[in-house]
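In: Task: produce atomic coordinates for the following.
(chains A, B, C and D)
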There are 2 protein chains.
Amino acid sequence: MKSGPNYARLAALIGDPARANMLSALMSGLALTARELAQEAGVQPSTASGHLKALTTAQLIECQKQGRHKYYRIANQETATAIESLQVLSEHNGLLRVRPGPKDPALRKARVCYDHLAGDMGVRLYESMAARDFFKVAADGISLTDVGEWFVHDFGVDVQQCMALRRPLCLACLDWSVRRHHLAGALGAAILKVAFDRDWLRRDTRSRLLRFTTVGEMAFREAFPIMS
Amino acid sequence: MKSGPNYARLAALIGDPARANMLSALMSGLALTARELAQEAGVQPSTASGHLKALTTAQLIECQKQGRHKYYRIANQETATAIESLQVLSEHNGLLRVRPGPKDPALRKARVCYDHLAGDMGVRLYESMAARDFFKVAADGISLTDVGEWFVHDFGVDVQQCMALRRPLCLACLDWSVRRHHLAGALGAAILKVAFDRDWLRRDTRSRLLRFTTVGEMAFREAFPIMS
DNA sequence: TCAATAATTCGGTCAGGAACGAACTATGAA
DNA sequence: TTCATAGTTCGTTCCTGACCGAATTATTGA
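Out: Numbers count the residues shown, from 1 in each chain, chains lettered A, B, ... in the order given. Next up, the predicted model:
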């Protein structure tokens, strides 16, 4: 069997551990160089070069040349969505392999996961909203309740616009550093955007690290209190 | 590199052509036997058995024993969503390999694609709605317009409920028999359901074939006219 | 009970592709 | 110019895993 559906080729491409590591790194939303990606994947630059060529040819990532560096990033929303849905799937089926979280406490606290908030603060957001019944948790996923919709609207998110997007609105994404959920999907992205707009936090230019401002952290903790 | 993210293993599983063929067959929503799936994948039963074991272990499919047969089907919505998003991705990046459509004219006309309508009639539905500006077609996907929302509401679809689902509302899925789009996603599923409820069409028990009733076909053609 | 069919297990073969290092090109800095 | 670094190409090695056929274990129907 060598000829299958079109998507099989893409899945195989994503399915190689080295390439998947590269894609995971790029899911931070950052553009990374070939060397950094080789590092991330744990292979030699020559090997990485081949993988990057394959991913670029398949248009899963794209490349921008800048001086003697080549910066790679996820090519489009479809690719990000596909990888996200695979992540969700791998979490859902419970066959998780343990994966060591980041050592850096700052990274454990808050980092970006493609375009939404992950780390302790991401978990706090998710659990705070869940405790207030802003989500309905069904067997096959989560959805926004009416009170939840009011809340995010008050928070400053245009819910209608989020719903109109192609992406699923709510996704519960397992946080690999703490083994608990944070909020992904269009809503997760929108909330992070509001937080950026209000200057609650800023993005590190070289990593997926997010740094809260002093004021921002207080406001965030107030908006998403731990319900006991 | 042998240890990667959790989802890499799943992607690799989906990425093998034989297994992808099986999954595609199961995306019809039907439960199929091991032999049928071997046939579908073009491999010997012994080989298929191994693949099915792997897919079952990974909880991508599940198995129900019935006499001396074993019926397999897609295990859950997450799996279907992941495969759908890979399908969308493979279409989007334009690297389509030509794939021969089904020979059977009845299958070309109307068949089920997991839970929505595919084939000529599926394309008709999509294009009829697109021509009336019921979708907004953006670079990264399609979304329902206000008039579109009114239309599907009048048609009998509970749009709010669809939006509350985890699935993307609208997805344009490339039809491999005619190389044109049909409507997937929660909305596509909901519309097909309405059509079933009205007995416009019925499902063949042994294949992914959909048969329109005489009355149903007329009604469908009226509801989704070809706009010129 | 026996024959037929569904499915699985096992052993052996083989190809694809992932990995590496060495040699090469390109860019920028000293 | 010369050196250092980024990235690629190429040839080689090696291992995983897909595949088949034969034998084995169910289950049904005659």
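In: what about chain A, any weak spots by pLDDT?
Out: Applying pLDDT under 70 to chain A flags the ranges A:1-2, A:94-104, A:138-141, A:166-167, A:173-180, A:205-206.
In: Using the record, which stretches count as separate domains in it?
Out: Chain A breaks down into these structural domains: A:6-75, A:101-223 (assignment by automatic domain parsing).
In: just so I know, which of the ones you listed lies nearest DNA strand C?
Out: With distances scored as Cβ to the nearest atom of the strand, the stretch of the domains of chain A nearest to DNA strand C is domain A:6-75 (3.2 Å). Yep, even glycine has a C-beta here, placed from its N, CA and C like the rest.
In: B:Lys109: which of the domains of chain A is closest?
Out: Judged by Cβ to Cβ, the one of the domains of chain A that comes nearest to B:Lys109 is domain A:6-75, at 22.4 Å.
In: Could you see whether DNA strand D lies near that closest one?
Out: Yes - among the residues of domain A:6-75, A:33-35, A:45-46, A:48-50, A:52-53, A:68-70 lie within reach of DNA strand D under Cβ under 7 Å from any atom of the strand.
In: For those residues, which two are the farthest from each other?
Out: For those, the maximum inter-member distance is 19.3 Å, found between A:Gly50 and A:Arg68 (Cβ to Cβ).
In: Between the two, which is the more surrounded one?
Out: Set side by side, A:Gly50 and A:Arg68 show unequal neighbour counts under other Cβ atoms under 10 Å in any protein chain shown, the larger going to A:Gly50 at 12 against 6.
In: So for chain A, the centremost residue is which one?
Out: A:Cys113 (2.7 Å; Cα atoms, centre = their mean).
In: quick one, what contacts that one?
Out: When the contact criterion is Cβ atoms under 8 Å, 6 or more residues apart in numbering or on different chains, the partners of A:Cys113 are A:Met27, A:Ser28, A:Gly122, A:Cys173, A:His182, A:Ala184, A:Arg208.
In: now, among the residues you listed, which is nearest to B:Ser228?
Out: Nearest to B:Ser228 out of the contacts of A:Cys113 is A:Ala184 (Cβ to Cβ; 42.5 Å).
In: okay, the domains of chain A in TSV with distance to DNA strand C next?
Out: Compiled in TSV, these are given as follows (distance: least, Cβ to the nearest atom of the strand, whole Å):
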stretch	distance to DNA strand C
domain A:6-75	3
domain A:101-223	18
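In: Any chance of CSV for those domains, columns distance to A:His92?
Out: Below are the domains of chain A laid out as CSV (distance: least, Cβ to Cβ, whole Å):
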stretch, distance to A:His92
domain A:6-75, 17
domain A:101-223, 9
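In: Of all those domains, which one comes closest to B:Ala12?
Out: B:Ala12 lies closest, by Cβ to Cβ, to one member of these: domain A:6-75, at 3.0 Å.
In: Longest helix in chain A, by number of residues?
Out: As far as residue count goes, and with DSSP state H defining each element, the longest helix of chain A is helix A:77-92.
In: how far does the helix or strand following that one sit from the chain's center?
Out: Later in the chain than helix A:77-92, the nearest helix or strand by DSSP states H and E is helix A:105-109. Averaging C-alpha positions (Cα atoms, centre = their mean, to the nearest Å) puts helix A:105-109 15 Å from its chain's average.
In: and helix A:105-109, which residues are buried?
Out: Across helix A:105-109, burial judged by 16 or more other Cβ atoms under 10 Å in any protein chain shown covers A:Leu107, A:Arg108, A:Lys109.
In: quick one, phi/psi of A:Gln66?
Out: Taking degrees, to the nearest 10, you get phi -150, psi 100 for the backbone angles of A:Gln66.
In: show me the contacts for it.
Out: A:Gln66 is in contact with no residue at all, counting by Cβ under 8 Å, 6+ apart.
In: and A:Tyr72, helix, strand or coil?
Out: Per DSSP: H, G, I helix; E, B strand; the rest coil, the local secondary structure of A:Tyr72 is strand.
In: how about A:Phe220, secondary structure?
Out: From three-state DSSP, the assignment for A:Phe220 is helix.
In: roughly how far apart are the residue lying closest to it once chain neighbours are set aside and B:Val152?
Out: Among residues not flanking A:Phe220 along the chain, A:Trp200 sits closest, at 5.5 Å (Cβ to Cβ, 6 or more residues apart in numbering or on different chains). According to Cβ to Cβ, to the nearest Å, A:Trp200 stands 38 Å off from B:Val152.
In: now do A:Asp154
Out: In this view, A:Asp154 and B:Val152 are 29 Å apart by Cβ to Cβ.
In: what about the two, which has more around it?
Out: Using other Cβ under 10 Å as the criterion, A:Asp154 and B:Val152 rank with B:Val152 on top: 21 against 9.
In: My guess is that one contacts B:Val159. True?
Out: Yes - using Cβ atoms under 8 Å as the test, B:Val152 is close enough to B:Val159 to be in contact (6.0 Å).
In: shared neighbours of the two, which are they?
Out: Going by Cβ under 8 Å, 6+ apart, residues that sit against B:Val152 and also against B:Val159 are B:Leu144, B:Leu187.
In: For chain A, which segments are assigned as strands?
Out: Residue ranges of the strands in chain A, as given by DSSP state E, are A:32-33, A:61-66, A:69-74, A:111-113, A:116-118, A:135-138, A:141-144, A:171-175, A:180-184, A:201-203, A:210-212.
In: hang on, isn't A:Ala75 packed against A:Thr57?
Out: No - the pair A:Ala75 and A:Thr57 fails to qualify as a contact (Cβ under 8 Å) at a distance of 11.1 Å.
In: Which residue of those two possesses the greater neighbour count?
Out: Between A:Ala75 and A:Thr57, counting by other Cβ under 10 Å, A:Ala75 is the more crowded of the two (20 against 12).
In: Flag every buried residue along stretch A:53-71.
Out: For stretch A:53-71, a neighbour-count test (16+ other Cβ under 10 Å) marks A:Leu55, A:Ala58, A:Gln59, A:Leu60, A:Ile61, A:Cys63, A:Lys70, A:Tyr71 as buried.
In: neighbours of the residue nearest to the fourth one when sequence neighbours are not counted, just the number please.
Out: Closest residue to A:Leu60 in three dimensions, ignoring its sequence neighbours and counting by Cβ to Cβ, 6+ apart: A:Thr79, at 5.0 Å. For A:Thr79, the number of neighbouring residues by other Cβ under 10 Å comes to 25.
In: A:Thr79: what's it in contact with?
Out: A:Thr79 makes contact with A:Gln59, A:Leu60, A:Ile61, B:Leu89, according to Cβ under 8 Å, 6+ apart.
In: how far away is it from B:Leu117?
Out: Separation of A:Thr79 from B:Leu117 (Cβ to Cβ): 27 Å.
In: now do A:Val137
Out: Remark: distance between A:Val137 and B:Leu117 (Cβ to Cβ) = 30 Å.
In: who has more neighbours, those two?
Out: A side-by-side neighbour count of A:Val137 and B:Leu117, using other Cβ under 10 Å, places B:Leu117 first with 25 against 13.
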